[in-house]
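> Let me see the structure of the following:
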Amino acid sequence: MADSPDTPDALFHRGVELFNRGEFFDAHEVWEDLWRDCGSAERRFFQALIQAAVSAYHYRRGNETGATRLLNSGRKYMEPFRPAHRGLAIDAFWDAMAAHLAGAPAPTITLDEPRRS
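Below is the predicted model:
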């Protein structure tokens, strides 16, 4: 059975697609909807993704101080989910985010999906 557009997995992947297109504000909005309705076990994970998206958004708009603050808090929130969660390699993602705030291109999220047999 396929996910409907409003299931947690579908919303998570929709946010990833938006983030990867550089639509950071829109990714934040999608993940915020997911964060609002998710169970407590994953709230910090989604909060961290939201902060990553807003960090990239602020950086694009020239607010480096705000971008750095959100990068640091988001990384801290996602720490308990290391080394990977929902297919996201946590350290690599945050390292790419930090590099972006140092002038590298915006990162994209590549998920290591579980293999189906």
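> which ones are touching Ala56?
Phe19, Gly22, Phe24, Ala67, Met97, His100, Ala106, Pro107 (CB atoms under 8 Å, 6 or more residues apart in numbering). Backbone N, C-alpha and C define where each C-beta goes, glycine included.
> 10 Å instead, please
Residues in contact with Ala56, defined by CB atoms under 10 Å, 6 or more residues apart in numbering, are 19, 22, 24-25, 27-28, 67, 70-71, 97, 100-101, 106-107.
> Distance of it relative to Phe81?
Noted for Ala56: a distance of 19 Å to Phe81, by CB to CB, to the nearest Å.
> repeat for Ile109
14 Å.
> So between those two, which is more surrounded?
Shown here are Ile109 and Phe81; by other CB atoms under 10 Å, Ile109 has more neighbours (19 against 16).
> Excluding chain neighbours, what is closest to the more buried one?
Val16 (4.8 Å; CB to CB, 6 or more residues apart in numbering).
> Where do the strands of this structure begin and end?
Secondary structure of the chain (DSSP state E): strands located at 84-85, 88-89.
> Report all helices and strands that the last one contacts.
Identification of packing neighbours for strand 88-89 by 3 or more CB pairs under 10 Å, 6 or more residues apart in numbering; DSSP states H and E yields helix 43-60, helix 90-101.
> Can you lay out the ones you listed as a markdown table showing distance to Leu11 and mean pLDDT?
Formatted as a markdown table, the helices and strands packed on strand 88-89 follow (distance: least, CB to CB, whole Å; pLDDT from 0 to 100):
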| stretch | distance to Leu11 | mean pLDDT |
| --- | --- | --- |
| helix 43-60 | 9 | 97 |
| helix 90-101 | 18 | 98 |
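> Spatially central, which residue of the chain would that be?
Leu49 (2.8 Å; CA atoms, centre = their mean).
> roughly how far apart are that residue and Phe93?
9 Å.
> Please enumerate the shared neighbours of those two.
By CB under 10 Å, 6+ apart, the residues touching both Leu49 and Phe93 are Gly74, Met78, Ile109.
> so where's the protein uncertain?
Residues of the chain that meet the criterion pLDDT under 70 lie in 1-6, 113-117.
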